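Undergrad: Need a 3D model of the following:
(one chain, ligands or ions: 2)
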Amino acid sequence: MSRTPLMTPERVRRTVTRLAYEVIERNRGVDGLLVFGLKSRGAALADRLADALEQASGKAIERHALSIAGFRDDRDGDQAALPDDAPSAEGRDVLLVDDVLFTGRTARAALDAVLQYGRPKTIRLAVLVDRGHREVPVHPDFVGKVIPTKHDERVVVDPSEPAVYLED
Ligand SMILES: O=P(O)(O)OC[C@H]1O[C@H](OP(=O)(O)OP(=O)(O)O)[C@H](O)[C@@H]1O
Ligand SMILES: O=c1cc[nH]c(=O)[nH]1
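TA: Ligands and ions are numbered 1, 2, ... in the order given. I've put the predicted structure just below:
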């Protein structure tokens, strides 16, 4: 297996900052914003994006991890219990965040999973990398970078650096 760098840590940081400003522009601010990172690897990115939103807006941003277990249409699994600190999404602007968008099945499952939290006013999707090969009609609202890939390659976001690699 070979690993090719696609985005350096500096590039990822700049991209996350740009995404934060795009979210603020689209939502006309951050009031009512509720950020959900898709478990498991979207949660680290959601934290970074929420931090960037706080820095850009000067306001606290509520963020949570969203389990999509039990909502996949292509995998079996039991639904995780709602966490004790589950927020209400009723009437709020929900931002779903994931590191990689591929077939779109995770994001589709997240649309079902998030409705356990109430009925949001809007639900939008932000991803760091869109690598194509969609199998369901999911389109992201905010994209860090579109990276065309072969189907059998893998895009890996290392949350600790953070950096993006292509593995084949
Ligand atoms: O668009 P899709 O085809 O659904 O692929 C994208 C998903 O794949 C990865 O998660 P993975 O399923 O590997 O789970 P993990 O985050 O728990 O590692 C990634 O973090 C996205 O959530
Ligand atoms: O390339 C891929 C495909 C699915 N999920 C990932 O994180 N990367």
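
Undergrad: so where do the helices sit in this structure?
TA: Under the criterion DSSP state H, helices of the chain are mapped to 9-27, 42-57, 105-114.

Undergrad: is ligand 2 contacted by the last one?
TA: No: Helix 105-114 stays out of contact with ligand 2 when judged by Cβ under 6 Å from any ligand atom, the minimum separation being 7.8 Å. (Each C-beta comes from the backbone N, C-alpha and C, glycine too.)

Undergrad: Identify each buried residue in that helix, please.
TA: Neighbour-count burial for helix 105-114 flags 105, 106, 107, 108, 109, 110, 113, 114 (criterion: 16 or more other Cβ atoms under 10 Å).

Undergrad: ok, so of those residues, who is nearest residue 24?
TA: Of all the buried residues of helix 105-114, residue 114 has the smallest distance to residue 24: 20.7 Å, by Cβ to Cβ.

Undergrad: Next, the contact list for residue 123, please.
TA: Applying Cβ atoms under 8 Å, 6 or more residues apart in numbering to residue 123 gives the contacts 94, 96, 111, 114.

Undergrad: Give the buried residues for stretch 22-37.
TA: Buried residues in stretch 22-37 (16+ other Cβ under 10 Å): 23, 24, 27, 30, 33, 34, 35, 36, 37.

Undergrad: With stretch 117-128 instead?
TA: 117, 120, 123, 124, 125, 126, 127, 128.

Undergrad: For ligand 2, state which of the buried residues of helix 105-114 is nearest.
TA: When the buried residues of helix 105-114 are ranked by distance to ligand 2 (Cβ to the nearest ligand atom), residue 106 comes first, at 7.8 Å.

Undergrad: so what's the residue sitting nearest the centre point of the chain bridging to?
TA: Ranked by distance to the mean C-alpha position of the chain (Cα atoms, centre = their mean), the top residue is residue 97 at 1.5 Å. With DSSP bridges as the criterion, residue 97 is bridged to residue 37, residue 126.

Undergrad: okay, it: pLDDT?
TA: Residue 97 is assigned 98 on the pLDDT scale.

Undergrad: re the thing from before, now the buried residues of stretch 22-37 as TSV including pLDDT and distance to ligand 1?
TA: Formatted as TSV, the buried residues of stretch 22-37 follow (pLDDT from 0 to 100; distance: Cβ to the nearest ligand atom, whole Å):
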residue	pLDDT	distance to ligand 1
23	98	19
24	98	24
27	96	23
30	98	24
33	98	21
34	98	19
35	98	15
36	98	12
37	98	10
